[in-house]
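Novice: I need the structure of the sequence given here:
(chains A and B)
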Amino acid sequence: DQQVKQNSPSLSVQEGRISILNCDYTNSMFDYFLWYKKYPAEGPTFLISISSIKDKNEDGRFTVFLNKSAKHLSLHIVPSQPGDSAVYFCAASSTGSARQLTFGSGTQLTVLP
Amino acid sequence: DAGVIQSPRHEVTEMGQEVTLRCKPISGHNSLFWYRQTMMRGLELLIYFNNNVPIDDSGMPEDRFSAKMPNASFSTLKIQPSEPRDSAVYFCASSFVGTTPETQYFGPGTRLLVL
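Specialist: Just a heads-up that it's a prediction; the model follows:
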């Protein structure tokens, strides 16, 4: 049972445009959400997070939006750069088991120059 | 800081052999996590330690897998005997409990191939 789903395995975007990566979750106990970025042959690196008490968190070119009623979050990258090409993982945790992250399957983002 | 260090980076072994993966967490971190990434199951948590004590090993697939953390700067994940279905990338991550939000930092992974 996939509690965190990333339904788009891949996404291609032109340099300078907006990239939107989506993530859905089913567990209503999740109250903390993270995005990780992964380059080939490297481990995932933390990108941005959001608590369930917020609906938006921004860090430079990266913004995460949370829609709790829809159990949906998205990562916006504006403007997209070729160096952003990587696999992006959505992850979630709940206060009761804050140590455990449940990951989505990832979305391969390709930013075309 | 050098980040989380894992060794070996690549391991090829034959079915039935013992495999030991090693991890050195970031200095000062007090939690350590072992993950496995496969095409079928994605990235899944196997076990995590807090202050060198195993807290939750419910993700360990079966008794062939064992993990230890003898001190704050070293952990091992052992597979004995190994099977082809164990082929995957194994990641180690560490974090510091008490920060909000708590962020896990991942190592580069060990790519394991069991023939």
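
Novice: From now on I want contacts and neighbour counts done on CA atoms only, so please keep to that.
Specialist: Fine.

Novice: Can you list the helices and strands that the helix or strand that contains residue B:44 packs against?
Specialist: Per DSSP states H and E, residue B:44 falls inside strand B:42-50. With contacts taken as 3 or more C-alpha pairs under 8 Å, 6 or more residues apart in numbering or on different chains; DSSP states H and E, strand B:42-50 sits against strand A:102-103, strand B:31-38, strand B:53-56.

Novice: Format these as TSV; extra columns: mean neighbour count.
Specialist: Output for the helices and strands packed on strand B:42-50, formatted as TSV (neighbours: other C-alpha atoms under 10 Å in any protein chain shown):
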stretch	mean neighbour count
strand A:102-103	24
strand B:31-38	23
strand B:53-56	15
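
Novice: of all the ones you listed, which lies closest to residue A:31?
Specialist: Across those, residue A:31 has its closest neighbour in strand A:102-103 (11.9 Å, C-alpha to C-alpha).

Novice: could you give the angle of the strand holding residue B:44 to strand B:31-38?
Specialist: Interaxial angle, strand B:42-50 versus strand B:31-38 (axes from the mean of the first three to the mean of the last three C-alpha atoms, to 10 degrees): 160 degrees.

Novice: about what we covered before: and the helices and strands packed on strand B:42-50: which comes nearest residue B:104?
Specialist: strand B:31-38 (8.5 Å).

Novice: show me where chain A has strands.
Specialist: Under the criterion DSSP state E, strands of chain A are mapped to A:4-5, A:10-14, A:19-25, A:32-38, A:45-51, A:56-59, A:62-67, A:72-77, A:86-93, A:102-103, A:107-112.

Novice: What strands line up against the longest one, and which way round?
Specialist: Read it as strand A:86-93. strand A:32-38 (antiparallel), strand A:102-103 (antiparallel), strand A:107-112 (antiparallel) (DSSP bridges).

Novice: CSV please, covering the helices and strands packed on strand B:42-50 and showing mean pLDDT.
Specialist: Formatted as CSV, those follow (pLDDT from 0 to 100):
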stretch, mean pLDDT
strand A:102-103, 91
strand B:31-38, 94
strand B:53-56, 90
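
Novice: would you list these in CSV and tack on distance to residue A:39?
Specialist: Below are the helices and strands packed on strand B:42-50 laid out as CSV (distance: least, C-alpha to C-alpha, whole Å):
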stretch, distance to residue A:39
strand A:102-103, 16
strand B:31-38, 14
strand B:53-56, 28
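
Novice: so which of those strands comes closest to residue B:91?
Specialist: Closest among the helices and strands packed on strand B:42-50, using C-alpha to C-alpha: strand B:31-38, at 5.0 Å.

Novice: Can you name the residues in contact with the closest one?
Specialist: Residues from elsewhere that reach strand B:31-38 (C-alpha atoms under 8 Å, 6 or more residues apart in numbering or on different chains): B:25, B:42-52, B:77, B:87-97.

Novice: out of those residues, which are buried?
Specialist: Neighbour-count burial within these applies to B:25, B:43-50, B:52, B:77, B:87-97; the criterion is 16 or more other C-alpha atoms under 10 Å in any protein chain shown.

Novice: Who are the contact partners of the closest residue to residue B:28 other than its chain neighbours?
Specialist: Nearest-residue entry for residue B:28: residue B:96, 7.3 Å, with adjacent residues in sequence omitted and distances by C-alpha to C-alpha, 6 or more residues apart in numbering or on different chains. Counting by C-alpha under 8 Å, 6+ apart, residue B:96 touches B:28-31, B:102-103.
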